[in-house]
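Undergrad: Prediction below, plus the sequence it came from.
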Amino acid sequence: MRLHWHRSDLRLVDNRGLAAAAGAEGADPAPGDGPALGLFVFDDAVLDHASPPRVAYMLDAVDSLRESYRDHGGDLLLRRGDPTSVLPAVADAHDATGVVWNRAYSGLGRERDDAVRAALDDAGVPVAAYHDALHHEPGSITTNAGEPYSVYSYFWKKWRDREKADPYPAPGTGALATPDDPGDLPTAADLGFDSPEADVPAAGHAAARERLDEFLAGDVYDYADRRDYPADRCTSRLSVHLRWGTIGVREVSAAIREAKADAPSEDARESVEEFRGELAWREFYHHVLNFNPEVVTENYKEYEEEIEWRDDPDEIAAWKAGETGYPIVDAGMRQLKQEAYMHNRVRMIVASFLTKDLCCDWRHGYAHFRERLVDHNTANDNGGWQWAASTGTDAQPYFRIFNPMTQGERYDPAAEYIKRYVPELEGVNADDIHSWHELGLSERNRLAPDYPHPIVDHGDRREEALAMFKRARGED
Ligand code: FAD
């Protein structure tokens with residue numbers, strides 16, 4: 001039998017490694033012989049970086065994966081510990097003739113995989129790793145000189161034009177094995193986690209596919225016009241499913257191709273294309289991380305001097321609590337707390353506010369998002385933060401500083417999103433909300449006595465941020 005080690009690929013269908021392990025029709029070759037035995041390891045090193053919402057989603061997704069195995073005559077083996085010892089032990093106990101997995105692209109993931117491969121080599125068990133989580137593997141989309149792209153628009157052109165070449169592998173349900181001792185699904189408490197404060201979405205392939213179908217049945221056709229308006233919940237909400245691989249990228253793209261063919265107008269077709277562009281951003285950041293694993297802690301872009309971040313603990317605390325007195329920022333931070341999710345436009349606004357109004361190191365924001373977001377993944381979270389902080393690949397130029405009030409006015413004109421998450425502003429009209437920082441103290445106290453006054457002056461802080469970046473650029 002062959003072992004397939006599931007990590008961020010918690011599904012049976014469109015799973016390249018599992019299809020190979022199971023000997024499914026049209027699948028890649030794999031070492032050893034089938035049937036496939038699925039394995040998930042609760043890895044203590046990974047759990048050290050986990051958080052309640054992500055653990056809740058992961059447990060639900062593993063449970064659902066186990067159900068899928070059982071529905072197809074197999075079962076999922078569950079173990080806990082260090083994969084460098086668990087994998088050889090499981091391979092030995094089940095007489096595995098080969099072990100396979102789908103590749104990881106983060107520095108830590110690759111180090112772990114190398115260590116497990118070495119342990120299996122020592123045990124004499126052959127290993128194969130497959131490219132699965134992205135349409136295009138890092139290294140396959142490069143400049144003409146063979147370098148990885150650092151500018152998204154060039155990357156996108158090649159990504160877009162090559163997508164059709166990517167085959168859609170057969171479902172990974174060739175031949176599945178049933179272990180004698182599959183192991184029990186632990187609870188969050190068993191793993192050392194509390195239940196999340198936030199509502200976490202339903203996990204698993206069926207939930208992901210349902211979300212995809214719902215989105216492609218309507219919202220995708222005007223995604224381009226509506227995606228930036230957070231009150232209008234029109235985006236796909238697929239990020240968490242792509243993060244855990246409860247749906248595969250080829251399955252998503254095959255469905256998108258159908259939606260595009262059925263599009264009612266040229267505008268609708270372009271809108272579908274814009275959505276594809278977002279999937280390409282996801283891959284762009286995975287490539288960046290793959291080639292630059294140090295970006296997890298270091299700026300991608302080098303400045304002449306260290307950036308002298310202000311890092312005021314009280315301001316950071318107010319930002320985390322959604323108590324900055326900037327309504328759109330506070331709404332976003334409270335959405336994050338309640339839903340373990342935040343709309344993309346608002347992620348950009350709160351990240352700009354932290355790094356450019358509070359002049360705070362992006363690493364504080366990244367750590368907070370990592371703790372709170374159910375869709376957190378290193379590549380996209382880091383890419384988003386470094387973009388906002390003007391330290392990343394293809395980042396926002398340092399002098400582009402979002403005005404949080406103007407952003408609120410433009411993208412949440414009726415303050416519907418703001419009021420959804422900031423009940424203190426319920427009875428205040430949208431104009432007053434969007435000019436909160438300009439109102440006098442007594443006017444603010446009269447309108448919403450429980451809502452904070454702005455903790456900083458945007459105009460002053462804008463100047464401060466520009467000066468901070470100019471010093472870092474050696475211009476002062
Ligand atoms: P849709 O608009 O429906 O987009 C479809 C898919 O495309 C998403 O599910 C996602 O996989 C991908 N995508 C969309 N926008 C981006 C983007 N800007 N960068 C990379 N991929 C994108 N995304 C994450 O998946 N995990 C994160 O941890 C994460 N952290 C972020 C942090 C910051 C500071 C910022 C500015 C953005 C971050 N993003 C992250 C990107 C984006 O905000 C989310 O992917 C998106 O909001 C998820 O909602 P959706 O699935 O409805 O997106």
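TA: On my side now, so go ahead. Numbering: from 1, shown residues only.
Undergrad: isn't residue 104 right next to residue 110, touching?
TA: Yes. The criterion here is Cβ atoms under 8 Å, and residue 104 meets it with residue 110 at 5.8 Å. From N, CA and C alone the C-beta is placed, and that goes for glycine too.
Undergrad: Between these two, which has more neighbouring residues?
TA: residue 104 (18 against 15; other Cβ atoms under 10 Å).
Undergrad: Residue 265 - how many residues pack around it?
TA: Applying other Cβ under 10 Å, I find that residue 265 has 9 neighbouring residues.
Undergrad: what sits against it?
TA: Residues near residue 265 by Cβ atoms under 8 Å, 6 or more residues apart in numbering: residue 221.
Undergrad: Let me see the backbone angles for it.
TA: Per-residue torsions, residue 265: phi -160, psi 170 (degrees, to the nearest 10).
Undergrad: roughly how far apart are it and residue 222?
TA: 10 Å (Cβ to Cβ, to the nearest Å).
Undergrad: Show me what residue of the stretch 351-476 of the chain gets nearest to the ligand.
TA: Of all residues in the stretch 351-476 of the chain, residue 384 sits closest to the ligand, at 2.4 Å by Cβ to the nearest ligand atom.
Undergrad: Residue 347 is in contact with that residue, correct?
TA: Yes. In this structure, residue 384 is within contact of residue 347 by Cβ under 8 Å, at 6.0 Å.
Undergrad: Now do the closest residue to residue 221 other than its chain neighbours, the pLDDT please.
TA: Closest residue to residue 221 apart from its sequence neighbours, by Cβ to Cβ, 6 or more residues apart in numbering: residue 268 at 3.9 Å. Per-residue confidence (pLDDT) for residue 268: 97.
Undergrad: For burial, what's the neighbour tally of residue 85?
TA: 12.
Undergrad: typed the wrong thing, it's residue 474
TA: When neighbours are counted by other Cβ under 10 Å, residue 474 comes out with 9.
Undergrad: immediately after the helix or strand that contains residue 407, which helix or strand?
TA: Residue 407 is part of helix 404-411, with elements assigned from DSSP states H and E. Using DSSP H and E, the next helix or strand after helix 404-411 towards the C-terminus is helix 416-421.
Undergrad: pLDDT on the helix or strand that that next one is followed by, on average?
TA: Note on helix 416-421: by DSSP H and E, the next helix or strand toward the C-terminus is helix 430-434. On average, the pLDDT along helix 430-434 is 97.
Undergrad: Show me what helix 430-434 is packed up against.
TA: Judged by 3 or more Cβ pairs under 8 Å, 6 or more residues apart in numbering; DSSP states H and E, helix 430-434 is in contact with helix 404-411.
Undergrad: For the helix it packs on, which outside residues touch it?
TA: With Cβ under 8 Å, 6+ apart, helix 404-411 has contacts from 228-230, 326-329, 345, 349, 352-353, 357, 415, 418, 433-437, 458.
Undergrad: Off-centre distance for it?
TA: 25 Å (Cα atoms, centre = their mean, to the nearest Å).
Undergrad: Can you mark which positions in it are buried?
TA: Neighbour-count burial for helix 404-411, counted by 16 or more other Cβ atoms under 10 Å, picks out 404, 405, 407, 408, 409, 411.
Undergrad: try stretch 179-190
TA: 179, 182, 183, 186, 188.
Undergrad: How about the residues of this structure by the ligand?
TA: 227, 235-239, 242-243, 278-279, 281-282, 285, 344, 347-348, 351, 369, 373, 375-377, 380-381, 383-385, 388 (Cβ under 6 Å from any ligand atom).
Undergrad: Buried ones from those residues, can you make that a PyMOL selection?
TA: Selection of buried members from those for PyMOL, criterion 16+ other Cβ under 10 Å:
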select buried, resi 227+235+236+237+238+239+242+243+279+281+282+285+347+348+351+369+373+375+376+377+380+381+383+384+385+388
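Undergrad: Which members of the residues of the chain next to the ligand are positioned in helices?
TA: If you go by DSSP state H, the residues of the chain next to the ligand have 239, 242-243, 278-279, 281-282, 285, 344, 347-348, 351, 369, 380-381, 383-385, 388 in helices.
Undergrad: returning to what we had before: out of the buried residues of stretch 179-190, who's nearest the ligand?
TA: residue 188 (20.4 Å).
Undergrad: Give me the pLDDT for that closest one.
TA: Looking at residue 188, the pLDDT reads 97.
Undergrad: Can you tell me the SS state at it?
TA: coil (DSSP: H, G, I helix; E, B strand; the rest coil).
Undergrad: With adjacent residues omitted, what lies nearest to it?
TA: Nearest one to residue 188, counting by Cβ to Cβ, 6+ apart, is residue 55 at 5.2 Å.
Undergrad: One more: residue 286?
TA: Of all residues not flanking residue 286 in the chain, residue 379 sits nearest, at 4.4 Å (Cβ to Cβ, 6+ apart).
Undergrad: Would you confirm that that neighbour contacts residue 285?
TA: Yes. Residue 379 lies in contact with residue 285 (Cβ under 8 Å); the separation is 4.3 Å.
Undergrad: quick revisit: any chance of a ChimeraX selection covering the buried ones in the contacts of helix 404-411?
TA: To isolate the buried members of the contacts of helix 404-411 in ChimeraX, using 16+ other Cβ under 10 Å:
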select :228,229,230,326,327,328,329,345,349,352,353,357,415,418,433,434,436,437,458
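Undergrad: Which stretches in the stretch 1-150 of the chain count as strands?
TA: 2-6, 36-43, 76-81, 98-102, 127-130 (DSSP state E, counting those that start in this stretch).
Undergrad: do you know how far residue 41 is from residue 81?
TA: Distance from residue 41 to residue 81, by Cβ to Cβ: 7 Å.
Undergrad: So those two - more neighbours on which side?
TA: residue 41 (20 against 14).
Undergrad: With residue 362 as the reference, measure out to residue 149.
TA: Taking Cβ to Cβ, one finds residue 149 at 22 Å from residue 362.
Undergrad: How about residue 304?
TA: Distance, residue 304 to residue 362, by Cβ to Cβ: 18 Å.
Undergrad: the more surrounded of those two?
TA: Neighbours per residue, other Cβ under 10 Å: of residue 304 and residue 362, the larger number sits with residue 362, 23 against 9.
Undergrad: is it true that the more buried one touches residue 384?
TA: No. Shown here, residue 362 and residue 384 do not form a contact pair, counting by Cβ under 8 Å, at 9.4 Å.
Undergrad: got any residues that touch both of the two?
TA: What both residue 362 and residue 384 touch, as defined by Cβ under 8 Å, 6+ apart, is the set residue 351.
Undergrad: distance of the one residue in the stretch 51-200 of the chain that gets nearest to the ligand from residue 280?
TA: Among all residues of the stretch 51-200 of the chain, residue 152 sits closest to the ligand, at 9.3 Å; criterion: Cβ to the nearest ligand atom. When distance is defined by Cβ to Cβ, residue 152 is 8 Å away from residue 280.
Undergrad: Kindly report the same for residue 37.
TA: Counting by Cβ to Cβ, the gap from residue 37 to residue 280 is 35 Å.
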